[in-house]
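Engineer: Here is a sequence with its predicted model. Questions after.
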Amino acid sequence: MRITVCAIGRMRDKHERALAEGYMSRAQALGRSLGITDVSLTEIETKGDTQADAKALLAALPDTALIVALDETGRQRTSRDLAHWLDQQKDGSTRDIAFVIGGADGHGPEVISKARETLSLGAMTWPHMLARIMLLEQIYRAISILARHPYHRD
């Protein structure tokens with residue numbers, strides 16, 4: 001299974017990028033033994049228009065990807081719940097999961113209608129660059145839970 005985080009906007013801060021890359025490489029290394037072959041980040045230059053951004057996001061995803069839209073009204077999951085959900089998707093033969101992060105005005109209706117799930121990182125508002133780092137950390141944490149790695153502590 002491959003996991004992609006696809007986001008509107010580009011990280012320009014080298015420290016933010018280093019954090020994102022660190023979580024991706026750790027998730028990918030630990031995930032191999034679980035059948036998670038890739039964890040990646042695709043960044044789309046913003047058009048400033050939710051409909052144009054939605055088209056660009058969807059065009060960047062694998063055709064068969066299970067789409068999870070990050071949205072403030074989405075479902076909140078615990079880290080263990082996210083791990084369990086990822087495991088179910090993997091065991092259910094899902095080949096690609098795409099977590100999509102919209103621009104400042106959220107997602108266009110086309111993304112929400114194609115998303116199988118919506119996920120919220122909580123009730124607080126987060127900067128988009130920080131949201132992708134937090135999501136990548138949670139993906140790494142979920143993989144570490146599945147691998148019975150000591151990273152996660154209850």
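Structural biologist: Ah, there it is.

Engineer: With adjacent residues omitted, what lies nearest to S120?
Structural biologist: G74 (4.0 Å; CB to CB, 6 or more residues apart in numbering). In this view, the C-beta of every residue, glycine as well, is placed from N, C-alpha and C.

Engineer: Please name every helix or strand in contact with the host helix or strand of that neighbour.
Structural biologist: Using DSSP states H and E, G74 sits in strand 66-75. For strand 66-75, the packing partners by 3 or more CB pairs under 8 Å, 6 or more residues apart in numbering; DSSP states H and E come out as strand 96-101, helix 109-114, strand 117-119.

Engineer: 10 Å - rerun?
Structural biologist: Applying 3 or more CB pairs under 10 Å, 6 or more residues apart in numbering; DSSP states H and E, one finds that strand 66-75 makes contact with strand 2-8, helix 50-59, helix 79-91, strand 96-101, helix 109-114, strand 117-119, helix 128-146.

Engineer: To R17, which of these lies closest?
Structural biologist: helix 128-146 (9.2 Å; CB to CB).

Engineer: list the buried ones in that closest one?
Structural biologist: 128-129, 131-146 (16 or more other CB atoms under 10 Å).

Engineer: just to revisit the earlier point, mean pLDDT added to the helices and strands packed on strand 66-75, as TSV?
Structural biologist: Putting those into TSV (pLDDT from 0 to 100) gives the following:
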stretch	mean pLDDT
strand 2-8	97
helix 50-59	93
helix 79-91	96
strand 96-101	97
helix 109-114	94
strand 117-119	96
helix 128-146	95
